[in-house]
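[1] Curious how this folds, go ahead:
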Amino acid sequence: MDSVLGTEDNIDAALAALDALRNKWAPDTPSELCEVATISDEHSRVEEELLDLVAQLKVRRRIIGQPCTLEELLNPEEEREIGDSPYTLEGGDAEIIGMVQREMGLARGEIEESEELGE
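    Numbering: from 1, shown residues only. Predicted structure coming up:
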């Protein structure tokens, strides 16, 4: 399994390692590798098309300077930044879920409003 886990960013190497494991431990079982390999081939084709489109934009002077890499296009730095947001609650998801559950319970009459909690 280490051979599969060691191929973190290489789909083709991971597929080959999985196929080798299947051949070693279950040689009589059918291989689904062809179907998965098709997905990998399609991924490569789409990646090439996106990079061609970026190159065309550069030629047409719609991109000034160095074009972004595919990774930068798909995962922009702005989306990875973690910071304060006016839409976050101090308690996180648990606090939001609790608030919604309280409001639903109030609406159904399952719980009563409490002045101590400010509701």
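[2] From here on, just use CA atoms for contacts and neighbour counts.
    Will do.
[3] after the worst-scoring helix or strand of the chain on mean pLDDT comes which helix or strand?
    Lowest on mean pLDDT, DSSP states H and E among the helices and strands of the chain sits helix 2-5, with a mean of 62. Following helix 2-5 in sequence order, the next helix or strand is helix 11-25 (DSSP states H and E).
[4] From the contact counts, what lies against that following helix?
    helix 2-5, helix 33-59 (3 or more Cα pairs under 8 Å, 6 or more residues apart in numbering; DSSP states H and E).
[5] Would you single out the least confident of those helices?
    Confidence, taken as mean pLDDT, is least for helix 2-5 of the helices and strands packed on helix 11-25 (a mean of 62).
[6] burial count for residue 17?
    19 (other Cα atoms under 10 Å).
[7] any idea how far residue 113 is from it?
    Taking Cα to Cα, to the nearest Å as the measure, residue 17 falls 60 Å from residue 113.
[8] contacting residues around residue 108?
    Not one residue lies near residue 108 by Cα atoms under 8 Å, 6 or more residues apart in numbering.
[9] okay, it: pLDDT?
    At residue 108, pLDDT is 85.
[10] The nearest residue to residue 54 once chain neighbours are set aside: neighbouring residues, count only.
    Of all residues not flanking residue 54 in the chain, residue 67 sits nearest, at 7.1 Å (Cα to Cα, 6 or more residues apart in numbering). Neighbours of residue 67 under the rule other Cα under 10 Å: 15.
[11] Check the one 3 residues further on too.
    Summarising burial for residue 70: neighbours were counted as other Cα under 10 Å, giving 14.
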